[in-house]
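In: no FASTA, just this:
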Ligand SMILES: *Cc1c(COP(=O)(O)O)cnc(C)c1O
């Protein structure tokens, strides 16, 4: 298949490489998750044609409507769920996605573990941490991180790929990225899903292994 370049995607890839090199990291150690939520197949195709294969969606139903057909046309797609998951959607989520970034409570961890066993599938799992301690926000409280990781590993026999955070809107994101990196180190988890369009360079400088970038690639969402 010929690759036709996608200027916004190329620009983001360049920024990722630059941010990684600035702190002596291999650009290949950062996975770009292109967040295609709200965009239809027509908007996603050019990004696939340009060679991008890792995508993020925040709703199971929406992803189910778009991705099976796109996957038929573009082999090797890896789909990441980045939005909240309800346990009654665990079955569909495990069928459709290759990674979940939003494991945010014991009930969801258990439902996903049971579905993976039932379906014989292994997804990459990230635990969402509420680093800002925001009342309305999903996620495990920072001080519960170690106990929750231990529960996932020891009780549910899950392999945990990393931690994930969405910093509060009105705070310096770098503070939260550094905090998430510290928590991951304390519980021996390697992956860090952090950084969005406005701040992925800072996240990479602080160790992000997965950046979730939507509008910088696809344009603003209506
Ligand atoms: C929408 C979304 C993103 C991408 O946001 P942009 O600012 O468009 O890059 C990243 N992470 C999560 C959890 C999201 O819901």
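Out: Cool, the structure landed. Given the structure is predicted, the values throughout are model-derived calculations rather than measurements.

In: pLDDT weak spots in the chain?
Out: Residues of the chain meeting the criterion pLDDT under 70: 1-2.

In: what residues does it put near the ligand?
Out: Contact residues (C-beta under 6 Å from any ligand atom) of the chain with the ligand: 35, 37, 58, 82-83, 166, 196-198, 212-216. (C-beta placed from N, C-alpha, C; glycine too.)

In: for PyMOL, what selects the buried ones among the residues you listed?
Out: To isolate the buried ones among the residues of the chain next to the ligand in PyMOL, judged by 16 or more other C-beta atoms under 10 Å, type:
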select buried, resi 35+37+58+82+83+166+196+197+212+213+214+216
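
In: show me the residues of the chain next to the ligand that map onto helices.
Out: 215-216 (DSSP state H).

In: out of the residues of the chain next to the ligand, which are inside strands?
Out: With DSSP state E as the criterion, strands contain 35, 212-213 from among the residues of the chain next to the ligand.

In: what's the neighbour count on the closest residue to residue 127 other than its chain neighbours?
Out: Distances taken as C-beta to C-beta, 6 or more residues apart in numbering place residue 103 nearest to residue 127, at 5.0 Å, with adjacent residues excluded. Residue 103 has 27 neighbours, counted by other C-beta atoms under 10 Å.

In: and residue 103, its phi and psi?
Out: Backbone torsions of residue 103, given as degrees, to the nearest 10, read phi -70, psi 110.

In: list the buried ones in the top helix by length along the chain?
Out: Scanning the chain for the longest helix, with DSSP H as the assignment, gives helix 7-22. Within helix 7-22, the residues that qualify as buried are 8-9, 12-13, 15-17, 19-20, counting by 16+ other C-beta under 10 Å.

In: over to stretch 168-181?
Out: Those would be 168, 173, 176-181, for stretch 168-181 by 16+ other C-beta under 10 Å.

In: go on, stretch 110-124?
Out: Buried, per 16+ other C-beta under 10 Å, within stretch 110-124: 110-113, 115-116, 123-124.

In: among the residues you listed, which are located in strands?
Out: Going by DSSP E, the strands hold residue 124 from the buried residues of stretch 110-124.

In: ok, so of the buried residues of stretch 110-124, who is nearest the ligand?
Out: residue 124 (15.5 Å; C-beta to the nearest ligand atom).

In: in this structure that closest one contacts residue 94, no?
Out: No. The criterion here is C-beta atoms under 8 Å, and residue 124 misses it with residue 94 at 11.9 Å.

In: any idea how far the longest helix of the chain is from the middle of the chain?
Out: Mean-position distance between helix 7-22 and its chain equals 18 Å (C-alpha atoms, centre = their mean, to the nearest Å).

In: which strands or helices does that helix pack on?
Out: With contacts defined as 3 or more C-beta pairs under 8 Å, 6 or more residues apart in numbering; DSSP states H and E, the packing partners of helix 7-22 are strand 31-35, helix 200-205, helix 215-218.
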